[in-house]
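S.K.: show me how the following folds:
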Amino acid sequence: ARSYAANSKLELGIIGTGSRGAWIGQLFQENTPTKVVALHDYFHQRVESAGQRLGVDQSRWYVDLDGYQDLIGSGVDAVAIESPPFFHPEQTVAALKAGKHVFLAKPIAVDVPGCKDILAAARQTGGRLSILVDFQTRANELFWEAARRVHEGMIGTPVCGQCYCHLGRLGAQAPPGSELARLRNWVFDKALSGDIIVEQNVHVLDVANWLLGAHPLAARGQGGRKARTDVGDCWDHFIVTYEYPNDFLLDFSSSQFAPGFEDLCVRIYGTEGTVDAHYWGSVWIRSKSEHWPGGKTDQIYQEGAVNNMKAFHASIVEGRPISNIEDSAESTLTSILGRTTAYKNGRTATWEKILRSTKRLDPKLKLPPDGPYQRP
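M.R.: Okay, the predicted model is just below:
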């Protein structure tokens, strides 16, 4: 085992060097004693851009779909996985089997078998490696304080609630119509992203599970594709009712197309009060006996990520591995549960039944041999 000084430079590899991957690498270098030493992406152009930005030697730029294996084998201490979610299980399992710590973007997978693959690999490490999924709310002091107060009974017994994730549309990275464009536009592709309820909406569903201290038992809902039809096959809206233990019902909705309103919110109504928590907004609790004013989370997108990076680095150099993979798997499965019922046009889906699913999403990519070197 490698020993580290408290201020040791962690040698990090980035798998997935699109805009977020390069940004994550930069934040690691600016906020922790970390040096990004290796990069991987399918597209050479993205690796080149990130390599120049982060100062990574060209000898450790890796491309093509399986180039991540060379990165893992190149002597890094840890990897940050910022690739499309479809690839997360394969890449995470390979990193853990090679003894590498993993900093992982949400969601952990796009289907149930993928979640199980990562859970099994994480458990096989016996707690010797840090595996941190980058949920920014889990690294925010206001969300932590709200969760603590709810768990201690400030709002009484939870009765019902609502959560939503309404956002404007994302921009396409390439004109649609080719396999390379599918990969560049992965966020619009069901198999590559898991659809918006898994890839984006997992943020609020994770907070709902956290506040309630449970995962849903069943769900029924619908959705569709009506406004954003120019690229990919993802839906642009979902409406789902989740059923939690103790007859708690959570009203969930999402959209990803409309200008004029953007908000991510979880609101739980209890017998004694209400908790209201917004990503990029206010977090507060009002109850019959007292009022907690909370505060604003306007900078959570970057501050939460940086807090996670600091915790990840400290856990490694101090020899105290951390992991939130179990909670992250539950949250990803909660999103998959909602997607399952919506795709079945409102037929009830149960937690017990989806856990038995063996169906893997398959994008069936047919990429050209020179794909990594083609430009959009």
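
S.K.: the stretch 151-300 of the chain: helices as residue ranges?
M.R.: 179-184, 190-193, 196-199, 202-212, 300-317 (DSSP state H, counting those that start in this stretch).

S.K.: how about His151, nearest residue that isn't a chain neighbour?
M.R.: Nearest residue to His151 in three dimensions, chain neighbours excluded: Gly213, at 6.4 Å (C-beta to C-beta, 6 or more residues apart in numbering). C-beta: built from backbone N, CA, C; applies to glycine.

S.K.: got any ranges where this protein has weak pLDDT?
M.R.: In the predicted model, the chain carries pLDDT under 70 at residues 1-8.

S.K.: roughly how far apart are the residue of it positioned farthest from its centre and Met154?
M.R.: Most distant from the centre of the chain: Ser289, at 36.3 Å, with distances by C-alpha atoms, centre = their mean. Ser289 sits 8 Å away from Met154, going by C-beta to C-beta, to the nearest Å.

S.K.: now do the shared contacts for those two.
M.R.: Glu272 (C-beta atoms under 8 Å, 6 or more residues apart in numbering).

S.K.: quick one on the thing from earlier: excluding chain neighbours, what is closest to the residue farthest from the centre of the chain?
M.R.: Glu272 (7.2 Å).

S.K.: would you check that the one you found makes contact with Ile155?
M.R.: Yes: with contact defined as C-beta atoms under 8 Å, Glu272 and Ile155 form a contacting pair (5.5 Å).

S.K.: please say which of the two ends up with more neighbours.
M.R.: Neighbours per residue, other C-beta atoms under 10 Å: of Glu272 and Ile155, the larger number sits with Ile155, 23 against 16.

S.K.: distance between stretch 143-156 and the chain's centre?
M.R.: Put simply, stretch 143-156 sits 24 Å off its chain's centre (C-alpha atoms, centre = their mean, to the nearest Å).

S.K.: list of residues touching that stretch?
M.R.: By C-beta under 8 Å, 6+ apart, stretch 143-156 touches 137-138, 158, 207, 210-211, 213, 268-275, 277, 283-285, 287, 290, 292, 294, 297.

S.K.: which of the residues you listed fall within strands?
M.R.: Assigned to strands by DSSP state E, the following of the contacts of stretch 143-156 qualify: 158, 268-270, 273-275, 277, 283-285, 287, 292, 294.

S.K.: let's verify Thr92: helix, strand, or coil?
M.R.: What DSSP: H, G, I helix; E, B strand; the rest coil gives for Thr92 is helix.

S.K.: number of residues surrounding it?
M.R.: With other C-beta under 10 Å as criterion, Thr92 counts 27.

S.K.: Asp233 too?
M.R.: Neighbours of Asp233 (other C-beta under 10 Å): 12.

S.K.: right, and it touches Ile196 too?
M.R.: No: Asp233 sits out of contact with Ile196 when judged by C-beta under 8 Å, with a separation of 11.5 Å.

S.K.: returning to that earlier point: so which of the helices of the stretch 151-300 of the chain comes closest to Ala227?
M.R.: helix 196-199 (12.1 Å; C-beta to C-beta).

S.K.: next one: the closest one to chain centre, how far?
M.R.: 9 Å.

S.K.: which strands or helices does that helix pack on?
M.R.: Under the contact definition 3 or more C-beta pairs under 8 Å, 6 or more residues apart in numbering; DSSP states H and E, helix 196-199 sits against strand 237-244, strand 248-257, helix 325-343.

S.K.: so which of the ones you listed is the most packed in?
M.R.: helix 325-343 (a mean of 24; mean count of other C-beta atoms under 10 Å).

S.K.: tell me the angle of it relative to strand 237-244?
M.R.: Counting by axes from the mean of the first three to the mean of the last three C-alpha atoms, to 10 degrees, helix 325-343 lies at 120 degrees to strand 237-244.

S.K.: just the CA trace of helix 325-343, in CSV.
M.R.: Provided in CSV are the C-alpha atoms of helix 325-343 (Å, rounded to 0.1, in the frame of the first residue of the first chain):
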residue,chain,number,x,y,z
ILE,A,325,-22.0,4.1,-3.3
GLU,A,326,-24.9,2.4,-1.5
ASP,A,327,-26.9,5.6,-1.2
SER,A,328,-26.0,6.6,-4.7
ALA,A,329,-27.2,3.2,-6.0
GLU,A,330,-30.5,3.6,-4.2
SER,A,331,-31.0,7.0,-5.7
THR,A,332,-30.1,5.8,-9.2
LEU,A,333,-32.5,2.9,-8.8
THR,A,334,-35.2,5.3,-7.6
SER,A,335,-34.8,7.2,-10.9
ILE,A,336,-34.9,3.9,-12.9
LEU,A,337,-38.1,2.9,-11.0
GLY,A,338,-39.8,6.2,-12.2
ARG,A,339,-38.6,5.7,-15.7
THR,A,340,-39.9,2.1,-15.7
THR,A,341,-43.5,3.0,-14.8
ALA,A,342,-43.5,6.0,-17.2
TYR,A,343,-42.3,3.9,-20.1
